[in-house]
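Asks: structure for the following, please:
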Amino acid sequence: MQIKLDDLSSIEVALLLQEHLQEMRETSPLESVHALDLTELKDASVQFWTAWDGQELAGCAAIKKLDDQHAEIKSMRTAKKFKHQGVASQLLQHIIVQAKVGEYKNLSLETGSMDYFLPAHALYLKHGFSFCGPFSDYQEDPNSKFMSLDLTHII
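Replies: Numbering: from 1, shown residues only. Take a look at the predicted model:
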């Protein structure tokens, strides 16, 4: 598996992100969908990585700078063909390292609260995240769960 910084220009990436947005809209009420679209992911505040197995896109993940000490995970997605093969764990480990390299002190995320999102909760808990309250511009929402990782304790 090769993980690389990506410019979001390939059709494979566009299709995976389209699938991600569609699934989030089918799973959560529209007002509770906080996934970024392709244009928003190209913002200078976002770093976006893709995981490749040869020529096949296996997954993607991004971090968005909230301020000099805090970043948010965005667009974590594993391609259907690669589910349950450790792609999400590899991407998450990679972006945690990249957040440390970027000298962030906290890495947070918003995800859904429905049963559909239980595997995501388990993934983040496994990697040291804990549930927290809303951060940045988020508000309390029964359809959202918020998690954070204190990077100052990560070597």
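Asks: so residue 90 sits right up against residue 1, yeah?
Replies: Yes. Here residue 90 reaches residue 1: they are 5.8 Å apart, a contact under C-beta atoms under 8 Å. Just so you know, the C-beta spots here come from the backbone N, C-alpha and C atoms, and that holds for glycine as well.
Asks: which residues do the two both contact?
Replies: Both residue 90 and residue 1 are in contact with residue 51, where contact means C-beta atoms under 8 Å, 6 or more residues apart in numbering.
Asks: now the host helix or strand of residue 15, how far from the chain's geometric center?
Replies: Remark: residue 15 resides in helix 11-27, with elements defined by DSSP states H and E. On the basis of C-alpha atoms, centre = their mean, to the nearest Å, helix 11-27 sits 13 Å off its chain's mean C-alpha point.
Asks: any idea of the mean pLDDT in it?
Replies: Averaged over helix 11-27, pLDDT sits at 85.
Asks: which helices and strands does it pack with?
Replies: helix 38-41, strand 56-67, strand 70-78 (3 or more C-beta pairs under 8 Å, 6 or more residues apart in numbering; DSSP states H and E).
Asks: kindly recompute the last result at 10 Å.
Replies: Using 3 or more C-beta pairs under 10 Å, 6 or more residues apart in numbering; DSSP states H and E, the elements in contact with helix 11-27 are helix 38-41, strand 46-53, strand 56-67, strand 70-78, strand 106-112.
Asks: what's next to that helix, contact-wise?
Replies: Residues outside helix 11-27 that contact it (C-beta atoms under 10 Å, 6 or more residues apart in numbering): 6-8, 10, 30, 32-38, 41, 48, 50, 52, 55-60, 62, 75-80, 111-112, 114-117, 143.
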